[in-house]
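*Asks:* Structure for the following, please:
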Amino acid sequence: MNLEMLLSVLLWTATGAVLLFVLMWVDSLFTKYKDLEEVKAGNMAVTTRLVLKLAAQGYILSVSISTAYHLLEAVIVSIISFIILLVLETLTELLLRRFAGLDLDQGTKAGKTGYGLLAGSLHIVGALIITACL
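*Replies:* Numbering: from 1, shown residues only. Below is the predicted model of the structure:
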(Lines give C-alpha, C1' and ligand atoms only; values in the text may rest on other atoms or scores of the structure.)
Protein backbone atom coordinates (compact mmCIF):
# COMPACT_ATOMS: atom_id res chain seq x y z
CA MET A 1 0.00 0.00 0.00
CA ASN A 2 1.46 3.33 -1.02
CA LEU A 3 0.93 6.86 0.28
CA GLU A 4 -1.47 7.75 -2.53
CA MET A 5 -3.71 4.82 -1.67
CA LEU A 6 -3.67 5.73 2.04
CA LEU A 7 -4.62 9.32 1.25
CA SER A 8 -7.36 8.06 -1.03
CA VAL A 9 -8.78 5.89 1.77
CA LEU A 10 -8.67 8.87 4.13
CA LEU A 11 -10.47 11.11 1.62
CA TRP A 12 -13.16 8.54 0.77
CA THR A 13 -13.73 7.74 4.45
CA ALA A 14 -13.98 11.39 5.48
CA THR A 15 -16.34 12.13 2.59
CA GLY A 16 -18.46 9.11 3.48
CA ALA A 17 -18.67 10.13 7.13
CA VAL A 18 -19.75 13.67 6.23
CA LEU A 19 -22.29 12.36 3.73
CA LEU A 20 -23.77 9.93 6.28
CA PHE A 21 -24.02 12.72 8.84
CA VAL A 22 -25.83 14.98 6.37
CA LEU A 23 -28.18 12.22 5.21
CA MET A 24 -29.09 11.25 8.77
CA TRP A 25 -29.69 14.93 9.62
CA VAL A 26 -31.97 15.30 6.58
CA ASP A 27 -33.78 12.12 7.61
CA SER A 28 -34.39 13.56 11.07
CA LEU A 29 -36.22 16.47 9.44
CA PHE A 30 -38.81 14.03 8.09
CA THR A 31 -39.60 12.28 11.37
CA LYS A 32 -42.33 13.55 13.66
CA TYR A 33 -39.98 13.55 16.65
CA LYS A 34 -36.45 14.67 17.52
CA ASP A 35 -34.26 11.58 16.96
CA LEU A 36 -31.33 12.53 19.17
CA GLU A 37 -33.54 13.79 22.00
CA GLU A 38 -35.41 10.48 21.97
CA VAL A 39 -32.14 8.53 21.93
CA LYS A 40 -30.85 10.58 24.88
CA ALA A 41 -34.10 9.87 26.74
CA GLY A 42 -33.52 6.13 26.28
CA ASN A 43 -36.17 5.44 23.65
CA MET A 44 -34.97 2.09 22.30
CA ALA A 45 -37.49 2.10 19.45
CA VAL A 46 -36.08 5.33 18.04
CA THR A 47 -32.52 4.14 18.70
CA THR A 48 -33.20 0.85 16.88
CA ARG A 49 -34.69 2.64 13.87
CA LEU A 50 -31.82 5.12 13.77
CA VAL A 51 -29.14 2.42 13.99
CA LEU A 52 -30.75 0.29 11.27
CA LYS A 53 -31.22 3.31 9.02
CA LEU A 54 -27.57 4.28 9.54
CA ALA A 55 -26.51 0.70 8.75
CA ALA A 56 -28.62 0.72 5.57
CA GLN A 57 -27.15 4.03 4.39
CA GLY A 58 -23.65 2.89 5.34
CA TYR A 59 -24.12 -0.30 3.33
CA ILE A 60 -25.35 1.62 0.29
CA LEU A 61 -22.36 3.96 0.58
CA SER A 62 -20.01 0.99 0.94
CA VAL A 63 -21.31 -0.67 -2.21
CA SER A 64 -21.41 2.58 -4.17
CA ILE A 65 -17.78 3.27 -3.21
CA SER A 66 -16.69 -0.22 -4.20
CA THR A 67 -18.37 0.05 -7.60
CA ALA A 68 -17.68 3.72 -8.40
CA TYR A 69 -14.76 4.96 -10.43
CA HIS A 70 -14.87 8.41 -8.87
CA LEU A 71 -15.76 9.75 -5.45
CA LEU A 72 -18.41 12.09 -6.84
CA GLU A 73 -20.14 9.14 -8.51
CA ALA A 74 -20.34 7.28 -5.19
CA VAL A 75 -21.73 10.36 -3.43
CA ILE A 76 -24.38 10.92 -6.11
CA VAL A 77 -25.46 7.26 -6.03
CA SER A 78 -25.73 7.42 -2.24
CA ILE A 79 -27.82 10.60 -2.33
CA ILE A 80 -30.17 9.20 -4.99
CA SER A 81 -30.47 5.97 -3.01
CA PHE A 82 -31.33 7.97 0.11
CA ILE A 83 -34.10 9.76 -1.78
CA ILE A 84 -35.42 6.43 -3.09
CA LEU A 85 -35.44 5.02 0.45
CA LEU A 86 -37.20 8.11 1.76
CA VAL A 87 -39.94 7.82 -0.87
CA LEU A 88 -40.31 4.06 -0.30
CA GLU A 89 -40.44 4.61 3.47
CA THR A 90 -43.21 7.18 3.08
CA LEU A 91 -45.25 4.96 0.77
CA THR A 92 -44.79 1.88 2.94
CA GLU A 93 -45.75 3.76 6.10
CA LEU A 94 -48.87 5.10 4.38
CA LEU A 95 -49.85 1.59 3.26
CA LEU A 96 -49.19 0.09 6.71
CA ARG A 97 -51.22 2.85 8.37
CA ARG A 98 -54.08 2.47 5.91
CA PHE A 99 -54.34 -1.30 5.60
CA ALA A 100 -52.79 -2.67 8.80
CA GLY A 101 -53.51 0.12 11.26
CA LEU A 102 -49.78 0.47 12.06
CA ASP A 103 -48.47 4.01 12.50
CA LEU A 104 -44.72 3.37 12.54
CA ASP A 105 -43.78 6.96 13.40
CA GLN A 106 -46.20 7.17 16.30
CA GLY A 107 -45.37 3.70 17.60
CA THR A 108 -41.65 4.38 17.38
CA LYS A 109 -42.02 7.70 19.17
CA ALA A 110 -44.09 5.95 21.86
CA GLY A 111 -41.13 3.65 22.49
CA LYS A 112 -42.57 0.46 20.99
CA THR A 113 -39.37 -1.31 19.97
CA GLY A 114 -41.18 -3.56 17.49
CA TYR A 115 -42.29 -0.51 15.55
CA GLY A 116 -38.75 0.88 15.45
CA LEU A 117 -37.39 -2.50 14.42
CA LEU A 118 -39.93 -2.82 11.62
CA ALA A 119 -39.28 0.75 10.43
CA GLY A 120 -35.52 0.22 10.46
CA SER A 121 -35.69 -3.17 8.79
CA LEU A 122 -37.58 -1.61 5.88
CA HIS A 123 -34.45 0.48 5.28
CA ILE A 124 -32.20 -2.58 5.42
CA VAL A 125 -34.38 -4.40 2.88
CA GLY A 126 -34.46 -1.29 0.67
CA ALA A 127 -30.66 -1.00 0.89
CA LEU A 128 -30.24 -4.65 -0.12
CA ILE A 129 -32.52 -4.18 -3.11
CA ILE A 130 -30.85 -0.93 -4.19
CA THR A 131 -27.33 -2.34 -3.87
CA ALA A 132 -28.30 -5.42 -5.89
CA CYS A 133 -28.77 -2.99 -8.78
CA LEU A 134 -25.37 -1.30 -8.43
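
*Asks:* who are the neighbours in contact with the residue nearest the centre of the chain?
*Replies:* Of all residues in the chain, the one closest to the mean position by Cα atoms, centre = their mean is Lys53, 3.4 Å from it. Lys53 makes contact with Met24, Asp27, Gly120, His123, according to Cβ atoms under 8 Å, 6 or more residues apart in numbering. To be clear about C-beta, it is placed using only N, CA and C from the backbone, and glycine gets the same treatment.

*Asks:* what packs against the longest helix along the chain?
*Replies:* The helix that spans the most residues within the chain, counting by DSSP state H, is helix 3-30. Packing partners of helix 3-30 (3 or more Cβ pairs under 8 Å, 6 or more residues apart in numbering; DSSP states H and E): helix 35-40, helix 44-67, helix 71-95.

*Asks:* one more time with 6 Å, if that's ok
*Replies:* helix 44-67, helix 71-95 (3 or more Cβ pairs under 6 Å, 6 or more residues apart in numbering; DSSP states H and E).

*Asks:* got the angle for the longest one vs helix 3-30?
*Replies:* Going by axes from the mean of the first three to the mean of the last three Cα atoms, to 10 degrees, helix 71-95 is angled at 20 degrees with respect to helix 3-30.

*Asks:* Kind regards, and thank you for your time.
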